[in-house]
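Novice: Only the shape, not the letters, is given here:
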C-alpha cells in the first residue's frame, strides 16, 4: 500500500538547534524553561504540606531538608527563573489586556507599571503577614 | 488536540501564569529564608498548621497548587513541542495528569488536616 506509492514525502527534520540561532530565541527558551522550576517548587510545596500533616517531627525534618546545600541552590535558581517569568509576564500585559479610555488606549507602560506596583505590594504584604522581617 | 479542548486547557494556564507571576517569587523567598536559618513566623509548625487548618487556607493552597502546576504543565508541553518532541499526545497526557494527580494529593493531604 503505502510502500508502493512512488512519491517520497518530505519529512522536515525538527531539532532544537534553532534555539541558539538568535539571542531572542534563547531568551524565549529561558522564559519557557521557568515552568520546570515553578512546577518543581510547587511539588516541593505539596511535599511540605504532607510533612506538615504528618506532625511536628516531620515538619521539623522538612525545615531541616530546606537547609541542605542542594535546597539552597535549587531555591536560588528557582527564584531567578520565577522572577524572569514574572517580568516577562507583566511586560506582556499591555498586549494581553489593552485598556481603552474613550478614543485612546492606555499607554502600555501604565498597564505593565500597574502590574509591577501590585506585584510589589502583594509581595511586601505577604512578607509582612508571614513575619519574614 | 481537539479544538474544543483549547479554552479549557488555556484558561487555567493563563490564570496560573498570572498567579505564579504574582506569588511564586515571594513564596520561594519565604522557604529560602527558612533554608538560610531565618524561619518566617508563618512557617513554624503551629502557624502553618493554623493556616492550613482553616477552610480558606485550604482553598487558597489547593488553588495555588493546581493553577501553578497546570500552567507549568501546559508550558512544558508547548516547550517540548518547540524543541522537537513530536509525541504531543503522550506528553500532554503525562504533564496534565501529573499536575492533576499532585493537586488531588494536595487536596487529600489538606482534607485530613
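Specialist: Perfect, thanks for sending it. Given the structure is predicted, the values throughout are model-derived calculations rather than measurements.

Novice: alpha carbons only for contacts and neighbour counts from here, please
Specialist: Fine.

Novice: Report how many residues lie close to the nearest residue to residue B:42 once chain neighbours are set aside.
Specialist: Leaving aside its sequence neighbours, residue B:42 sits nearest to residue A:130 (CA to CA, 6 or more residues apart in numbering or on different chains; 4.6 Å). Neighbour count of residue A:130, defined by other CA atoms under 10 Å in any protein chain shown: 18.

Novice: wait, isn't residue A:130 in contact with residue B:40?
Specialist: Yes. In this structure residue A:130 lies within contact range of residue B:40 using CA atoms under 8 Å: 6.0 Å.

Novice: So which residues of chain A form strands?
Specialist: A:100-101, A:104-105 (DSSP state E).

Novice: State the mean pLDDT of the first one.
Specialist: Spelled out, that is strand A:100-101. Strand A:100-101 shows a mean pLDDT of 91.

Novice: Can you get me the centre-to-centre distance for that strand and its chain?
Specialist: Relative to its parent chain, strand A:100-101 has a centroid offset of 30 Å by CA atoms, centre = their mean, to the nearest Å.

Novice: Outside of that strand itself, list whatever touches it.
Specialist: residue A:106 (CA atoms under 8 Å, 6 or more residues apart in numbering or on different chains).

Novice: List the strands paired with it, with their directions.
Specialist: strand A:104-105 (antiparallel) (DSSP bridges).

Novice: List the neighbours of the partner strand that are in contact with it.
Specialist: A:98-99.

Novice: Ok, stretch B:103-110 next?
Specialist: Outside stretch B:103-110, the residues within contact range by CA under 8 Å, 6+ apart are A:46, A:49-50, A:53, B:52-53, B:58, B:62, B:65-66, B:69.

Novice: okay, those in TSV with pLDDT and distance to residue A:112 next?
Specialist: What follows is the contacts of stretch B:103-110, written out as TSV (pLDDT from 0 to 100; distance: CA to CA, whole Å):
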residue	pLDDT	distance to residue A:112
A:46	98	31
A:49	98	34
A:50	97	37
A:53	96	39
B:52	97	33
B:53	95	36
B:58	97	31
B:62	98	28
B:65	98	25
B:66	98	26
B:69	98	25
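
Novice: Now neighbour count and distance to residue A:13 too, for those, in CSV please.
Specialist: Listed next are the contacts of stretch B:103-110 as CSV, based on neighbours: other CA atoms under 10 Å in any protein chain shown; distance: CA to CA, whole Å:
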residue, neighbour count, distance to residue A:13
A:46, 22, 39
A:49, 23, 44
A:50, 20, 45
A:53, 20, 49
B:52, 22, 50
B:53, 16, 53
B:58, 19, 47
B:62, 21, 41
B:65, 26, 37
B:66, 23, 36
B:69, 32, 31
